[in-house]
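Colleague: kindly generate the corresponding structure for this input.
(one chain, ligands or ions: 2)
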Amino acid sequence: PRYFALIPAAGVGARMEATSPKQYLKIGGKPMLRHTLDAFLSSELIAHTFVVVSPDDPYIDAVAPHHGVTVLRCGGASRMESVRNGLAVLASTLSRADWVLVHDAARPGLTAELIEKLITGTGDHPAGGLLALPVVDTVKRCIDGEAAGTVPRNGLWLAQTPQMFRYELLREALAAATDPDSITDDASAVEALGLSPKLVEGHPRNLKVTLPDDIRIAEMYLAVSQP
Ligand code: CTP
Ligand code: MG
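Modeller: Ligands and ions are numbered 1, 2, ... in the order given. This is a model prediction of the structure:
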């Protein structure tokens, strides 16, 4: 089978409160998105990597390497729409049975080892698979600022990316999804079809850089090599 990477990188990074979108902030001297792209370029299992950016993105040409990566200027108003637009552009390039690994640009701690672990762990699962982490904290339901109950953390996992699906299934799932803002990852669109993707244990270094302090945490993980 062939494996392709699709990286949505068309967000504005509002919660980061920086002057440029967070995927272009430097981590250890290198733009975040370049770390992310390099993880896929370093994996021999990935046939090609596609990155989705906004149509008017002024930064990507200085960041994307010339080999192994194709820039798609078709970002949308939500993550889901950016992924959906990217998949549509690839209709003549990918075949239905090809696998697509969708990965947040804002997860620069990904490694070739984790990519391989996901692909191996998902195998030929009909619903695809994703990296995720078991919840370690005690989980509270908050109502009006008060703890209204404790949700048993046993059986709760936090979704990471990459999330991998056959091209045909992912397109079908995202076409069926109606509320772009409620779909914050790709697996949830597949789950809405009644399918259960495989959960493969990820690693804390694959955190999503969201808030200003996350830059330093990512820097720390990138300074130590592999999980
Ligand atoms: N993303 C995208 N298109 C959008 C929104 C998000 O491609 N319209 C991408 C982001 O660039 C990021 C990934 O989806 O790589 C995960 O989204 P998130 O962490 O929420 O990034 P932002 O939306 O940029 O950040 P924020 O929600 O704080 O504005
Ligand atoms: Mg967002």
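Colleague: which residue, other than its chain neighbours, is closest to the closest residue to ligand 1 within the chain?
Modeller: When distances are taken as C-beta to the nearest ligand atom, the chain reaches nearest to ligand 1 at G11, 2.0 Å away. Yep, even glycine has a C-beta here, placed from its N, CA and C like the rest. Once flanking residues are discounted, G11 sits nearest to P21: 6.3 Å by C-beta to C-beta, 6 or more residues apart in numbering.
Colleague: pull the number of nearby residues for that neighbour.
Modeller: Other residues lying near P21 total 22 when counted by other C-beta atoms under 10 Å.
Colleague: same deal with I215?
Modeller: So I215, with other C-beta under 10 Å, has 19 neighbours.
Colleague: shaky segments in the protein?
Modeller: 226-227 (pLDDT under 70).
Colleague: for it, what lies in contact range of ligand 1?
Modeller: Counting by C-beta under 6 Å from any ligand atom, the chain comes close to ligand 1 at 8-15, 23, 52, 75-79, 82, 104-106, 208, 210.
Colleague: narrow those to those in strands?
Modeller: 8, 52 (DSSP state E).
Colleague: which of the residues of the chain next to ligand 1 are buried? Put it as a ChimeraX command.
Modeller: Remark: buried members of these, expressed as a ChimeraX selection using 16 or more other C-beta atoms under 10 Å:
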select :8,9,10,11,13,23,52,75,76,78,79,82,104,105,106,208
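Colleague: tell me the SS of A159?
Modeller: Assigned with DSSP: H, G, I helix; E, B strand; the rest coil, A159 falls in the strand class.
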